[in-house]
Every structure is written in structure tokens, then in C-alpha cells.
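[1] sequence and predicted model, in that order:
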Amino acid sequence: MYYPRLRDLREDHDLKQKEVAAVLNIDQRVYSNYETGKREIPTRFVVALAKYYKVSTDYILGLNDSNK
């Protein structure tokens, strides 16, 4: 489950959902749905967030517990 990772990463960087949504150029409500698991996050956003947070996509997707 990657939903908790999205929230954890955002909170670890002291960001609001609105700020992360702006990075992805989407509405905050859409991003909120990704964090809560109400919508599947598109691959392009997983890649963008991995670059933004400087972690691997595997980490975001929960396939790896190392965030390096």
C-alpha cells in the first residue's frame, strides 16, 4: 500500500496537500484522493513525486523500505 507513504513523505517535508498538488499541477482534492486511496495515482505522478522527494519509485510503491 503506497497511500500511507504519500502522506508520510509529505508530512516529513512539512508540506500541505495543496503544495504537493501544485507540484503535480493538480487540484488539492485530487491529490487528497490519492493519499486516501480513493483514486489510483497515475504512474507519471509517482515518478514526479519520487524525483521531488528524492526517493525511489519502489519506496513510494511500498516495494522497498529504504528511501534512498
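    All right, it came through fine.
[2] shouldn't residue 10 be in contact with residue 17?
    Yes - with contact defined as CB atoms under 8 Å, residue 10 counts as touching residue 17 (6.9 Å). Quick note: C-beta positions are derived from backbone N, CA and C, even for glycine.
[3] got any residues that touch both of these two?
    Both residue 10 and residue 17 are contacted by residue 35, under the criterion CB atoms under 8 Å, 6 or more residues apart in numbering.
[4] look up how far residue 65 lies from the nearest residue to residue 24 once chain neighbours are set aside.
    In space, and not counting its chain neighbours, residue 24 is closest to residue 45: 5.4 Å by CB to CB, 6 or more residues apart in numbering. With distances taken as CB to CB, to the nearest Å, residue 45 is found 21 Å from residue 65.
[5] so for the two, which residue has more residues nearby?
    When residue 45 and residue 65 are compared for neighbours, residue 45 comes out ahead with 21 against 7, by other CB atoms under 10 Å.
[6] next up, the contacts around that one.
    By CB under 8 Å, 6+ apart, residue 45 lies in contact with 24, 26, 34.
[7] hmm, try it at 10 Å
    Going by CB atoms under 10 Å, 6 or more residues apart in numbering, residue 45 touches 6, 20, 23, 24, 25, 26, 30, 31, 34, 52, 60.
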